[in-house]
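# My questions concern the predicted model and sequence given below.
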Amino acid sequence: NAGVMQNPRHLVRRRGQEARLRCSPMKGHSHVYWYRQLPEEGLKFMVYLQKENIIDESGMPKERFSAEFPKEGPSILRIQQVVRGDSAAYFCASSLYDRNNQPQHFGDGTRLSIL
Amino acid sequence: DAKTTQPNSMESNEEEPVHLPCNHSTISGTDYIHWYRQLPSQGPEYVIHGLTSNVNNRMASLAIAEDRKSSTLILHRATLRDAAVYYCILSRGGGATNKLIFGTGTLLAVQP
């Protein structure tokens, strides 16, 4: 069984460009979570999505960041007009159900570097 | 969000058992205790979780105190590959979404 797949593994952008990070959950999982890990900091929850719905975006910055999880295809985390402070590792996780007795399975992340 | 407290770092020798403690005195009745670990340059990896009873799986054991205000992750024989940051997380029940709130974790160093 393939695990959670994230791509690209590394992404370099110049300030002002757009970054698109993709996440394919484990087979059969319809719950996707995005987390961000800034350099020398801990993991922070960003957003939780089910198919075609954003359920909890309490951790998303109010501007420039958006996420989607379409009926077909991977979940996308989109960052518009990137700034140096967006440099971080972005991790996606998926779970079978959104219940607190369910483990989340993580991908190996996308490391975003802003020049 | 319910808070957990873990030591910043611990050391172990290879092939010896490791007991990683976690305090969660404000745990509520429907909160599950989850443990994840993060190896260098990798995403977090699920280790184990439990509610009230002790749990065992192929990776580790989880010992939960009777009052549930603390728990201990037990690695029975540490290997060099177990060097990682270990996170103890309470996953809220009662209809809350299953987002994970990571603390600073315990950095485990394993000496050969």
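Looks like it arrived, so ask away.

# my read is residue B:102 is in a helix, agree?
No - secondary structure of residue B:102 (DSSP: H, G, I helix; E, B strand; the rest coil): coil, not part of a helix.

# Could you find the closest non-adjacent residue to it?
Excluding its sequence neighbours, the residue lying closest to residue B:102 (CB to CB, 6 or more residues apart in numbering or on different chains) is residue A:43, at 4.1 Å. Any C-beta I mention is one placed from the backbone N, CA and C, and that applies to glycine too.

# ok now do the one you found, which residues does it touch?
A:35, A:36, A:37, A:91, B:38, B:44, B:100, B:102 (CB atoms under 8 Å, 6 or more residues apart in numbering or on different chains).

# Switch the residues you listed over to TSV; also include secondary structure and neighbour count.
Shown next, in TSV, are these (DSSP: H, G, I helix; E, B strand; the rest coil; neighbours: other CB atoms under 10 Å in any protein chain shown):
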residue	secondary structure	neighbour count
A:35	strand	25
A:36	strand	23
A:37	strand	19
A:91	strand	26
B:38	strand	21
B:44	coil	26
B:100	coil	21
B:102	coil	20
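
# Spell out which two among those residues are the most distant pair, please.
Spatially, the most separated pair among the contacts of residue A:43 is A:36 and B:38, at 13.7 Å (CB to CB).

# ok, residue A:86 touching residue A:19?
Yes - with contact defined as CB atoms under 8 Å, residue A:86 counts as touching residue A:19 (7.2 Å).

# shared neighbours of the two, which are they?
By CB under 8 Å, 6+ apart, residue A:86 and residue A:19 have these common neighbours: A:79, A:112.

# do you know how far the residue nearest to residue B:102 is from residue B:71?
Distance, residue A:43 to residue B:71, by CB to CB, to the nearest Å: 20 Å.

# Show me the strands in chain A, by range?
Using DSSP state E, the strands found in chain A span residues A:5-7, A:10-13, A:19-24, A:31-37, A:43-50, A:53-56, A:65-68, A:75-79, A:88-95, A:105-106, A:110-114.

# Not counting its own residues, what contacts stretch A:3-22?
Contacts to stretch A:3-22, defined as CB under 8 Å, 6+ apart, come from residues A:23-26, A:74-84, A:86, A:90-94, A:105-115, B:43.
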